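*Asks:* below is the sequence, then the predicted model.
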Amino acid sequence: MTGEHSSKQYDQDLEDIRSKVLLMGGLVESQFSDAINCLRTGNPEQAEQTIKADENVNRLEVSLDDACSHLIVRRQPAANDLRTIMATIKVITDLERIGDESTKIARAAMNIPGRGVTTINQYGTIRVMAESTANMLREALDAFARLDEKHAAQIIGKDEVVDHEFRSIMRNMITFMMEDPRTISAALDTLWVAKAIERIGDHCKNIAEYVIYVVEGKDIRHTNFAAPKPDAAPEAKQD
């Protein structure tokens, strides 16, 4: 009976951690959405609030890392249980970094009012890429919640679409800067934002890879994993 009780307590502790990880995921989802909205509106007050929201994400990261460490010490998990905890720790790190990238986007949005009139529609430029990445984040969290390795594999394939959109934006911004030096500041801001979004896509891909690691016991990082490949997105258009 003692072993059964210990197992139930372990399962409860692990479920509590998973619930808080998903809470953290909801926070970074909102932070990313708010950061992109700041880019659309150029509202500095909203940008400040988005940046400040990162403090809550950072506190959750510290709290969850501590909880995972204590769970390992107390329960000494092995095999799949240990894989689950180790993968969860890595997911926590990726979520915190998504929060950091969202903060970078909000900081860039604060520069918009000071740029004056520009021919670059910054929000229009990154809108499609941001929507693709937001979908990746939502689906990665869903795959983690359900431990759905098939869905996770599909998410990994979608990272190529985000990378394609980033390269398209980079080419467009280089063209703007070459044709009109007055656009350099705005174009660089847009590039920093696009790079932050591309990095968020990478972190979503990481989360999906950890789901496969937990379910199948395979570490597919830095391998030629044959993820389902969605059709490449069309070239980003300027609004």
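*Replies:* The structure has been received and is ready for your questions.

*Asks:* going by C-alpha atoms from here, please, whenever you check contacts or count neighbours.
*Replies:* OK.

*Asks:* which of the helices and strands in the chain ranks last by mean pLDDT?
*Replies:* Ranked by mean pLDDT, DSSP states H and E, the helix or strand of the chain with the weakest confidence is helix 2-41, at a mean of 87.

*Asks:* for this structure, which spans come out with low pLDDT?
*Replies:* Applying pLDDT under 70 to the chain flags the ranges 1-6, 112-119, 224-239.

*Asks:* rewinding a little: mind listing residues that contact the next helix or strand after the least confident helix or strand of the chain?
*Replies:* Sequence-wise, the next helix or strand downstream of helix 2-41 (DSSP states H and E) is helix 44-52. With contact meaning CA atoms under 8 Å, 6 or more residues apart in numbering, helix 44-52 is reached by Gln31, Asp34, Ala35, Cys38, Ser102, Thr103, Ala106, Arg107, Ala109, Met110.

*Asks:* now with 7 Å, please.
*Replies:* For helix 44-52, contacts defined as CA atoms under 7 Å, 6 or more residues apart in numbering pick out Gln31, Asp34, Ala35, Cys38, Thr103, Ala106, Arg107, Ala109, Met110.

*Asks:* between that helix and helix 2-41, what angle do the directions make?
*Replies:* Counting by axes from the mean of the first three to the mean of the last three CA atoms, to 10 degrees, helix 44-52 lies at 160 degrees to helix 2-41.

*Asks:* which positions in helix 44-52 come out as buried?
*Replies:* Under the neighbour-count criterion of 16 or more other CA atoms under 10 Å, helix 44-52 has Pro44, Gln46, Ala47, Glu48, Thr50, Ile51 buried.

*Asks:* and what of stretch 213-223?
*Replies:* In stretch 213-223, the ones that count as buried by 16+ other CA under 10 Å are Tyr213, Val214.

*Asks:* again, but for stretch 27-44
*Replies:* 27-40, 42-44.

*Asks:* returning to that earlier point: wait, which of the contacts of helix 44-52 is closest to Cys204?
*Replies:* The shortest gap between Cys204 and any of the contacts of helix 44-52 belongs to Gln31, at 14.8 Å (CA to CA).

*Asks:* the closest one is in contact with Ser102, isn't it?
*Replies:* Yes - contact criterion CA atoms under 7 Å: Gln31 and Ser102 qualify, at 6.3 Å.

*Asks:* which stretches of this protein form helices?
*Replies:* For the chain, the helices defined by DSSP state H cover 2-41, 44-52, 54-75, 79-110, 122-146, 149-179, 184-216.

*Asks:* redo the ones you listed as TSV? Include distance to Thr223.
*Replies:* Listed next are the helices of the chain as TSV, based on distance: least, CA to CA, whole Å:
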stretch	distance to Thr223
helix 2-41	26
helix 44-52	35
helix 54-75	27
helix 79-110	17
helix 122-146	19
helix 149-179	12
helix 184-216	11
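
*Asks:* out of the ones you listed, which comes closest to His222?
*Replies:* Among the helices of the chain, if distance is taken as CA to CA, the winner is helix 184-216, at 10.3 Å.

*Asks:* list the buried ones in that closest one?
*Replies:* So for helix 184-216, counting by 16+ other CA under 10 Å, buried means 184, 186-214.
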